[in-house]
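Enquirer: Provided below are the primary sequence and the corresponding predicted coordinates.
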Amino acid sequence: MTMRWLHTTAGLMLAVLVLLAAMACGGSSKKSSTPTFNENPTPIPIATEPAFPVTIQRSDGKALTLAKPPEHIVSMSPAATEIIYALGAEKSLIAVDKQSNFPDAANSFATKVDAFEPNVEQIAGLKPDLVIMLATDNSGIVPKLDALNIPVLYENIDTAVKTLEDVWGQIRIIGEVTGTNDKAVPLISGLEGRVKKVQDAVQGLNQTLTPKVYHELDSTFFTASNNTFIGDLYHVLRAQNIAGNGGGQAYPQMTQEAIIAANPKVIILADEEFGVSIDSVKARPGWSAIDAVQNGNIFAIKADIISRPGPRIVDALEQLAKDIYPQRFQ
Amino acid sequence: MQLAPSRRLPLADNDCAPALVTWRSLAPTYALAALATLAVAIFAVSWGTVHIPPQTTLAIVIHHLTGASTGEHSATFDAIVWQVRMPRVVLAGMVGATLAFSGAAYQGVFRNPLAEPYIMGVAAGASVGATLIIVSPLYVAAGLLSPVPPAAFAGALIAVALAYGLARVGHIVPTTSLILSGVAVSSVGTSLVTYLMLAFNTRTLAILNWILGGFNTATWTKAGIALPYMLLAAIVVLPFARTLNVMQLDEDQARQLGVNTERTKIIVLGMASLATAAAVSVSGLIGFVGLIVPHMVRMVWGPDYRRVLPLSGFFGASFLIIADVIARTIDPTFEVPIGVVTALVGAPFFLYLLRRQQRPATERF
């Protein structure tokens, strides 16, 4: 009987956890067919000087207003932590969540909060003047913190982050609330510049040279659809993601026969830390019929860099570019 | 076919019991059920999201089964039919048969309609075993020699042994104590899994995926590993069908009729648990089949365990094969969790049978 409870709970949690594949995947819903990047990006119309009070519209529709720059920030997701460090706002950081492991300094916090099963008393006890949650609020912590009048920046990764452009948007917002707009602008344009380089290099590729790619999130064939920031990387690379629009799901589970029939030219493994290896993929029965397996085009990528909508997502893009087009990127 | 089975047990009432039912007289029923299961399996292999002409599917299967040359086929079709679909169908059939057969055996021994293959802690024990491996550095998810299935198997057997040991009073194992100790062992296991899931939250998805179960990663290796345990259980438990019939009376009466109830309990429960552990270790936890299929069989073919046990096996196999076909084809490219399918398809059908049985006989047609 108890097992049945676990079953039901597991069922409910699955949808949720699929999205947490490596701690911070995201989203669903449609994506515009327009390219993510303009040839000439328009300047971002925000002030470069910190301007408090700041008001931000959260993902749940509520408004967050900060009268002055926060000095005691708790980060509830690794992507937020990475953005805060990249913006040089870490002086105000008093605690991070257990998954935050980058940069190295993030590992040295005496207090770590659990983002999966957050303890509201622990968080309140830290007396934060801002909690940043760039994740899906599965545990319902946001309303609890609201009830205690603790300011929360809640950006639902599922609905708010579906493209690289959305990642820049998160950097912009965290820049605003931490009073580091002046850092956010050059950080974003630096990242955009690197993306542009990759884009330029694949610009002239004709359609026959754009390979089909299978992106694996775990050993049971969960993958990322086009409507995710991971899918957007393949869009930038002009590769064809075999998951397509995922049948409406952001992170769908594919059937093996569909993968074999799609015959991808490249396989990207984001699950090497979860027990899958290039050799174990080669050994999967039936997979020897796949082009990528026959030609050794299976590549592993660290889940941490490709699953977090932070600045390192561009590292992931550059690595994928080298894996997919070895001749074009040295 | 007997559509209005006697509510009384065959051996309880000599007047209306089907006294002439012998193993031999049941052979045609078994043969028919086996043929139906085979037909379901053939349909399942030729049906998939990737369209492969039935004659190609057949040619590939015949080629691999007999070694005969049946012409050229693309490597992709060959891989899909023989390496992906066939093992998936075969494994789903084996697991469905085992869960339903074991469920029937458990219900027989416990004389409890809510008994199911997971009641003595098999599921919880297997989950603990699998979870411990998944959170450890030993974890190899997809390799052929993954340590997850053996650990799940071991965990399941340890849990059952624990439940059995805790329930034993001297030489006697009262069934009520057995159910209670099974539930207690299960809750300990479940809490342990929940704790591990939260403590190692980078592995939560892998654990949940394992628990939810399914046949997306089925291989011939998995089928080959599980088969011996399942066959052994079927061969050992089937001859106890008559004994189970007698035990439906009352344990004391059964004992007076010369049934060694303790021996029956340990052998039938032990074997059913062994087979269930093997099934769970290769497929994860698939609910509903083990509980409901035996009841469906009883509603249609009556309570004689010589019918209930084997027919549950065949019907369980067909049921899970069809559920898996739905799980893998309802969306052209993507999976639907099989537990959702077994419940959504099975529950209405079960309720229909239940309602039909409860109506007076005159209204049935």
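Expert: Arrived safely.
Enquirer: Can you say which helix or strand has the closest residue in space to residue A:255 that isn't next to it in sequence in it?
Expert: Nearest in space to residue A:255, with sequence neighbours left out and distances taken as C-beta to C-beta, 6 or more residues apart in numbering or on different chains, is residue B:328 at 5.0 Å. Glycine gets a C-beta too; all of them are placed from N, C-alpha and C. Under the criterion of DSSP states H and E, residue B:328 resides in helix B:305-329.
Enquirer: Buried residues, that helix. List them.
Expert: The neighbour-count check on helix B:305-329 (16 or more other C-beta atoms under 10 Å in any protein chain shown) flags B:305-325, B:327-329 as buried.
Enquirer: Specify the local secondary structure of the residue of the stretch 101-250 of chain A found nearest chain B.
Expert: Nearest residue of the stretch 101-250 of chain A to chain B (C-beta to the nearest C-beta) works out as residue A:219 at 3.5 Å. Residue A:219 falls in the coil class when you classify it by DSSP: H, G, I helix; E, B strand; the rest coil.
Enquirer: can you check residue B:181 too?
Expert: helix.
Enquirer: you'd agree it is up against residue B:166?
Expert: Yes: between residue B:181 and residue B:166 a contact is recorded at 4.1 Å, counting by C-beta atoms under 8 Å.
Enquirer: Give me the more crowded residue out of the two.
Expert: Taking other C-beta atoms under 10 Å in any protein chain shown, residue B:181 and residue B:166 do not tie; residue B:181 has more neighbours (20 against 15).
Enquirer: dump the residue contacts of the more buried one.
Expert: Applying C-beta atoms under 8 Å, 6 or more residues apart in numbering or on different chains, we find residue B:181 in contact with B:162-164, B:166-167.
Enquirer: Spell out which two among those are the most distant pair, please.
Expert: Among these, the pair separated by the greatest distance (C-beta to C-beta) is B:162 and B:167, at 9.6 Å.
Enquirer: Check which helices and strands the helix holding residue B:328 sits against.
Expert: If you count contacts as 3 or more C-beta pairs under 8 Å, 6 or more residues apart in numbering or on different chains; DSSP states H and E, helix B:305-329 packs onto helix B:23-46, helix B:86-110, helix B:241-247, helix B:289-301, helix B:338-358.
Enquirer: List, one by one, the residues from the stretch 51-200 of chain B near chain A.
Expert: B:75-76, B:78-80, B:82-85, B:87, B:118-119, B:123-124, B:127, B:134, B:139-144, B:146, B:183, B:186-187, B:190, B:193-194, B:198 (C-beta under 8 Å from any C-beta of the partner chain).
Enquirer: Can you say which of the residues you listed are buried?
Expert: Among these, those classed as buried by 16+ other C-beta under 10 Å are B:76, B:78-80, B:82-85, B:87, B:118-119, B:123-124, B:127, B:134, B:139-143, B:146, B:183, B:186-187, B:190, B:193-194.
Enquirer: So which of those residues are in strands?
Expert: Counting by DSSP state E, no part of those is found in strands.
Enquirer: got any ranges where the stretch 251-365 of chain B has weak pLDDT?
Expert: Scanning the stretch 251-365 of chain B with the threshold set as pLDDT under 70 gives B:359-365.
Enquirer: make that the stretch 1-150 of chain A, sorry
Expert: A:1-50.
Enquirer: now the angle from the helix holding residue B:328 to helix B:86-110?
Expert: Here helix B:305-329 runs at an angle of 140 degrees relative to helix B:86-110 (axes from the mean of the first three to the mean of the last three C-alpha atoms, to 10 degrees).
Enquirer: Helix, strand or coil: sort out residue A:183 for me.
Expert: Per three-state DSSP, residue A:183 ends up helix.
Enquirer: what's near enough to touch it?
Expert: Contacts for residue A:183 (C-beta under 8 Å, 6+ apart) come out as A:86-89, A:175.
Enquirer: go again using 10 Å as the cut-off
Expert: A:48, A:86-89, A:171, A:175 (C-beta atoms under 10 Å, 6 or more residues apart in numbering or on different chains).
Enquirer: about what we covered before: return the subset of the buried ones among the residues of the stretch 51-200 of chain B next to chain A lying in helices.
Expert: Among those, the ones falling in helices (DSSP state H) are B:76, B:78, B:87, B:123-124, B:127, B:134, B:183, B:186-187, B:190, B:193-194.
Enquirer: could those be laid out in JSON lines, adding distance to residue B:174 and pLDDT?
Expert: Output for those, formatted as JSON lines (distance: C-beta to C-beta, whole Å; pLDDT from 0 to 100):
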{"residue": "B:76", "distance to residue B:174": "57", "pLDDT": "90"}
{"residue": "B:78", "distance to residue B:174": "55", "pLDDT": "92"}
{"residue": "B:87", "distance to residue B:174": "42", "pLDDT": "95"}
{"residue": "B:123", "distance to residue B:174": "23", "pLDDT": "91"}
{"residue": "B:124", "distance to residue B:174": "21", "pLDDT": "94"}
{"residue": "B:127", "distance to residue B:174": "27", "pLDDT": "94"}
{"residue": "B:134", "distance to residue B:174": "36", "pLDDT": "89"}
{"residue": "B:183", "distance to residue B:174": "14", "pLDDT": "92"}
{"residue": "B:186", "distance to residue B:174": "18", "pLDDT": "94"}
{"residue": "B:187", "distance to residue B:174": "20", "pLDDT": "95"}
{"residue": "B:190", "distance to residue B:174": "24", "pLDDT": "94"}
{"residue": "B:193", "distance to residue B:174": "28", "pLDDT": "94"}
{"residue": "B:194", "distance to residue B:174": "30", "pLDDT": "92"}
